[in-house]
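1. when you get a sec, could you give me coordinates for this:
(chains A and B, ligands or ions: 3)
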Amino acid sequence: MTSKTDQALIQKAFQERMDEDELMNCMRCGFCLPSCPTYIESGQQEAQSPRGRIALMKAVVDGLIEPDEEVERSLRLCLGCRACEPVCPSGVRYGHLLEEARDIIAQHQRMPLHIRLVRKVVFAGLFPHQERMRKAASFLGWYQRSGLRTLVRKTGLLRLLPASFRQMERVLPDVPTAKELKNRPHRLNPDGSAKKRVAFFAGCLMDTMFMTTNDATMRLLQLAGCEVIIPPAQGCCGALHGHGGEKELAKELAKRNIAAFEQLDVEYIVTNAGGCGAFLLEYGHLLKDDPAWRDRAAAFAARIKDISEVLVELGFHHLPLRVAPQTVTYQDSCHLRNVMKTAAAPRRLLQAIDGVEFREMKDADRCCGSAGIYNLVEPEMSMKILDYKMEMAKQTKATTIVTANPGCLLQMKLGIERAGLTESVRAVHLVDLLLEAAEGAQAAKEEERIRQTS
Amino acid sequence: MIPNEAKKRLIQIVGAENYDDTKAGRLVYSYDATPQFQSLPDAVVAPRNTQEVAEIAKICNEYRIPIVPRGSGTNLCAGTCPVEGGIALLFKHMNRILEIDEENLTATVQPGVITLDLMKAVEEKGLFYPPDPGSMKISTIGGNISENSGGLRGLKYGVTRDYVLGLEVVLANGDIIRTGGKLAKDVAGYDLTRLFVGSEGTLGIVTEATLKLIPMPETKQTMLALYQDLEAAARSVSKIIANQIIPATLEFLDQPTLEVVEDYARIGLPTDVKAVLLIEQDGPNEVVERDMKKMADICRSEQAVSVELARSEEEAEALRTARRAALSALARLKPTTILEDATVPRSEIAKMVKAINEIAAKYQLKICTFGHAGDGNLHPTCPTDARNREEMERVEKAFEEIFAKAIELGGTITGEHGVGAMKAPYLEWKLGPAGIAAMKAIKQALDPNNIMNPGKVFAKSTRKRVVVTR
Ligand SMILES: Cc1cc2nc3c(=O)[nH]c(=O)nc-3n(C[C@H](O)[C@H](O)[C@H](O)COP(=O)(O)OP(=O)(O)OC[C@H]3O[C@@H](n4cnc5c(N)ncnc54)[C@H](O)[C@@H]3O)c2cc1C
Ligand code: SF4
Ligand code: SF4
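-> Ligands and ions are numbered 1, 2, ... in the order given. Take a look at the predicted model:
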């Protein structure tokens, strides 16, 4: 609960900080409603729609209502998937409004001690520090490998955790060992002659828990003919902070990344996680009020590109690619699609693989319900959205679900578990499948050669 | 305020989860797509079936609580703005397509069905439901019926009215009546169906509708004609019709509208011409071929700088989608977007367009114009800023002149958006005192306590655009 005095402070901050023009830009046409997952899954509650949320934010600014529990709930239940943005004819930048509103509320809210602690650990203690991320990851790895996991699962200790955390524990990937995590490369040469020089944004989670996917990404870039620079000074993108109401921390992280990349003579800064990429792309907006950083941020953002776009540009899909025959469907990462506007490239790459029968699922562009830590804090809504997604995935009869963002990947794994499909369906990151296909084609060629010479 | 006793009884009927009187819960039903109108309902109620609607009506009638039926709140006449409070009545639970009768070519639906969902469902059976308001992706059939909405196909196929065969309506006193039915012919007594169509929720609550379907036209073609002269485009429209061609669609967009639409849709619309006509014909192959050729010739003879056919159905659909988004896209220009809905006989379009431009110049305003040129229904739209009081005054005056001009040319103050709270002050211009009195007599007979959507259609005062909050 937020006290009356806190509400008054929040209201004042709304009046000072919310972009009034942007709020007025919404002409309340409702075109965004059918695209909003929370509107649909809540049984068409206007308060759970973009139009409703904008109206609530505006009403707080106008002093028509206080930012009470209902207002907070509405903003909390938003996935931040931004599916409402591309369909909005008026071009309302809903994501920016939401980010600002959430930041204001988070900064003024008296949260219970344990939540504050968790937030502090996650936002300030862990994510900004790559060494600590590695330590945490290696602890997780130790947990997974030492037999403790088996013990914990067997003894039912997990039941002490809320259901949403329990589910998550089951689908976490097997993380690399501390040793594997330590020596990350800083530069890689292309296979053959260099077509492009690019930098790779390694991310924090991606470079720990999903290290193999990062390795695969760099490998693909090499195969496609890129010289790859991986500046060691980079760090967490700050998306979690920005979306979670810790904007100031997000700005610090942004500055660190801008500084880490700006001296590099590269054409693109390549990302492989839709969530991070979209946030990096918006550094210009994040730092718009900081004259010393604004232009540097915009220049940084202009070079951000998703791996799939880079690969298509370099003609990767014309290389031999092969996997064992399988039916594949693709789950869009919301931020990759709605903010980075990347939807065609991943599909093009998938369709280029020999052995892949690509089947589009209905509403592939609808959020999977992962949305950062949404699935942990709003499990009920998240699972409703996920179950719909799995139903659509099932209908395609796909045996492989491909995603392009770590959060979505975990969520898909969770969905597969929930739907009882672990035996027949797998979820993979696009780049992992692409590497599998490149190596598969290589192996097939090799086999062919041996057959011919013997 | 809802008396406690009434609240208790309402909750008994719909269940606590379908009754909301929290501040935020009410606020999100305090508006529709009409700029600058806002006022809070006292509660939001979502019934699950006709029986519940009838009981709600009884209670509201007893306690004199206003009922504001609400589809998706996309109307542009403040029709769902609860200007006198009361309950906002939602149809989100009543959103089933009950039957598609392929033998009688009818569809029976609940009021909360989304227009596009109905269209898709009937198309799957090779049938066609023509009324297609620009908002069809989200508007409800209940809202369409109550506003008598028209759309891009209105010229050839008519408007919602022409497709409503029968209704189930809950009256203000809770009585449930049925009008019409699946029959094509029915002259038993007054035509109550037509009375309720377009009555904007002021006479009763539509709880079920039987709609007419027609066979899907064999084929469809779309083309775009570009002009460097606004009035030449308007003349082409008159000439096409004068040549006895009734195209399925004949839409008009001026240059500022084109720019914002292209900014949204990014489909490669030209933004350097003064006007565009979006033309469509459907029907048997030979007819479509012949009509399209004739229309292209007419456009060229009226100095169209280019006339081009859409190459694929995707391209055609992109064009239509872009056109439908025109109004909302105009909101890109300025914080406030005031859209109007003046309609003239189509022979007068060129004159009306010219008049709009002159009036805009006189009041130093930017007024973009687009609309359903084929049926004379124009949407002059003024991007402005409500915070600029002085400019708002000028906007108000300019639109008054535009309405006056429309009536002078034999037109009307609204062709499809309805009267609601917004046009109420102008209705008498169109109807005269006797016309108003006749309408009031009907209202009095069906809703003596004035609980059905009060404050709409009939003006209490000459109040115009204001923000009302309770
Ligand atoms: C971008 C945009 C484009 C548009 N284009 C068009 C267009 O091309 N043509 C056109 O005609 N209109 C258009 N409109 C206006 C609007 O969309 C239509 O009037 C639409 O039919 C309203 O449907 P709704 O479900 O939103 O109804 P609402 O706006 O919720 O309600 C409209 C009226 O119907 C009443 N009502 C709703 N349901 C019932 C019911 N079950 N029983 C009794 N009364 C009821 C309400 O009280 C209100 O008076 C457009 C609007 C927008 C925002
Ligand atoms: S589509 Fe855009 S303008 Fe329309 S209601 Fe949604 S946010 Fe507002
Ligand atoms: S961001 Fe997603 S969940 Fe939030 S309002 Fe927009 S569409 Fe709905």
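2. my read: B:A46 touches B:A16, true?
-> No: using CB atoms under 8 Å, B:A46 is not in contact with B:A16; the gap is 11.4 Å. For the C-beta atoms, the positions are set from N, CA and C on the backbone; glycine is no exception.
3. just want the residue of the stretch 101-250 of chain B that's nearest ligand 3.
-> Relative to ligand 3, the nearest point of the stretch 101-250 of chain B is B:I138 (13.5 Å; CB to the nearest ligand atom).
4. so what's the residue count around that residue?
-> B:I138 has 24 neighbours, counted by other CB atoms under 10 Å in any protein chain shown.
5. list the contacts of the closest residue to ligand 2 within the stretch 301-450 of chain B.
-> Relative to ligand 2, the nearest point of the stretch 301-450 of chain B is B:S328 (5.3 Å; CB to the nearest ligand atom). By CB atoms under 8 Å, 6 or more residues apart in numbering or on different chains, the contact list for B:S328 reads A:M27, A:C29, A:F31, A:C88, A:P89, A:S90.
6. hmm, 6 Å instead?
-> Counting by CB atoms under 6 Å, 6 or more residues apart in numbering or on different chains, B:S328 makes contact with A:M27, A:C29, A:F31, A:P89, A:S90.
7. tell me where the model's unsure across the stretch 301-450 of chain A.
-> Within the stretch 301-450 of chain A, no stretch falls below the threshold (pLDDT under 70).
8. okay, buried residues for stretch B:164-181 please.
-> For stretch B:164-181, the neighbour count (16 or more other CB atoms under 10 Å in any protein chain shown) marks B:164-174, B:176, B:179-180 as buried.
9. so which of those sit within helices?
-> Counting by DSSP state H, no part of the buried residues of stretch B:164-181 is found in helices.
10. tell me which of those residues fall in strands.
-> With DSSP state E as the criterion, strands contain B:V164, B:L165, B:G166, B:L167, B:E168, B:V169, B:V170, B:I176, B:T179, B:G180 from among those.
11. redo these as TSV? Include distance to ligand 1 and pLDDT.
-> Conversion of these to TSV gives the following (distance: CB to the nearest ligand atom, whole Å; pLDDT from 0 to 100):
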residue	distance to ligand 1	pLDDT
B:V164	12	97
B:L165	16	96
B:G166	14	96
B:L167	9	98
B:E168	10	98
B:V169	8	98
B:V170	8	98
B:I176	13	98
B:T179	13	96
B:G180	16	93
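12. just the closest of those to ligand 2, please.
-> Proximity of these to ligand 2 (CB to the nearest ligand atom) peaks at B:V164, which lies at 27.6 Å.
13. endpoint to endpoint, stretch A:352-368 covers what distance?
-> Distance across stretch A:352-368, first residue to last, is 25 Å (CA to CA, to the nearest Å).
14. near ligand 2, which residues of chain B?
-> Residues of chain B lying near ligand 2 by CB under 6 Å from any ligand atom: B:S328.
15. excluding sequence neighbours, find me the nearest residue to residue 255.
-> The chain I'm using is chain A. If the residues on either side of it in the chain are set aside, A:K255 comes closest to A:W293, at 6.2 Å by CB to CB, 6 or more residues apart in numbering or on different chains.
16. look at chain B instead
-> Nearest-residue entry for B:Q255: B:K274, 5.3 Å, with adjacent residues in sequence omitted and distances by CB to CB, 6+ apart.
17. residues near the one you found, how many?
-> A total of 16 residues lie near B:K274 under the criterion other CB under 10 Å.
18. remind me which residues of the stretch 351-470 of chain B are low pLDDT?
-> B:461-470.
19. which parts of it are strands?
-> For the stretch 351-470 of chain B, the strands defined by DSSP state E, counting those that start in this stretch occupy B:368-372, B:377-384.
20. quick one: which of those is nearest chain A?
-> Between chain A and these, the shortest gap by CB to the nearest CB is with strand B:377-384, which sits at 10.4 Å.
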